[in-house]
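[1] Show me the folded form of this:
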Amino acid sequence: MPLLGLEFGSEMFPEDRYAVFRGSDGEAIVDERMREFCASRTIAEAEKELNAHHITAIGVNTYAQMIEHPHVIARENIIEWDGIEGEKVKGLSIAPRLKNYPAEIWRRPAHYGEDNEDVLAELGYTPEQISALYDQNILRQDMTK
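    Next up, the predicted model:
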């Protein structure tokens, strides 16, 4: 509270409360002060200052910041695979990676409707029933049609 210029133990922020709850009298004031606090600092400055006061905080990275972040690079969180048309696509790898339970990306993401027949067959649909779903326009495989 002092970081935001507010007094803990005051009538609005009593000592017997561990938080400022949504809908309470203090909510709007804390929200306003936190917005002012963040607006007057860079993300890195706000993170550092909040964390120094034992307030867990971390900025949300843009995609461009994320793919260049040393932690993301070291953990190989961005991987590349062949796309639908054979082009190279970058995206997120599996997370978390667990030593005793390894996971892998075994193919590119499916194109819209690409797995319809396999999934429905596994659920017990016959080829005739699946064909009827396409004929009734209930199932589709390509968004452009």
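[2] contacts and neighbour counts: CA atoms only from here.
    Fine.
[3] Over to the residue in the chain sticking out farthest from the centre. Which of the three states is it?
    Among residues of the chain, the one most distant from the C-alpha centroid is Glu128; the distance is 39.8 Å, by CA atoms, centre = their mean. Three-state call for Glu128 (DSSP: H, G, I helix; E, B strand; the rest coil): helix.
[4] What of the one 3 residues further on?
    Classification of Ser131 into helix, strand or coil gives helix, according to three-state DSSP.
[5] separation between it and Gly23?
    According to CA to CA, to the nearest Å, Ser131 and Gly23 sit 54 Å apart.
[6] With neighbour numbers in mind, choose between these two.
    The neighbour comparison of Ser131 against Gly23 (other CA atoms under 10 Å) goes to Ser131, with 14 against 8.
[7] Could you check the helix ranked longest in the chain and say which residues are buried?
    The residue-count maximum for a helix in the chain (DSSP state H) belongs to helix 27-39. By neighbour count on 16 or more other CA atoms under 10 Å, the buried set for helix 27-39 is Val30, Arg33, Phe37.
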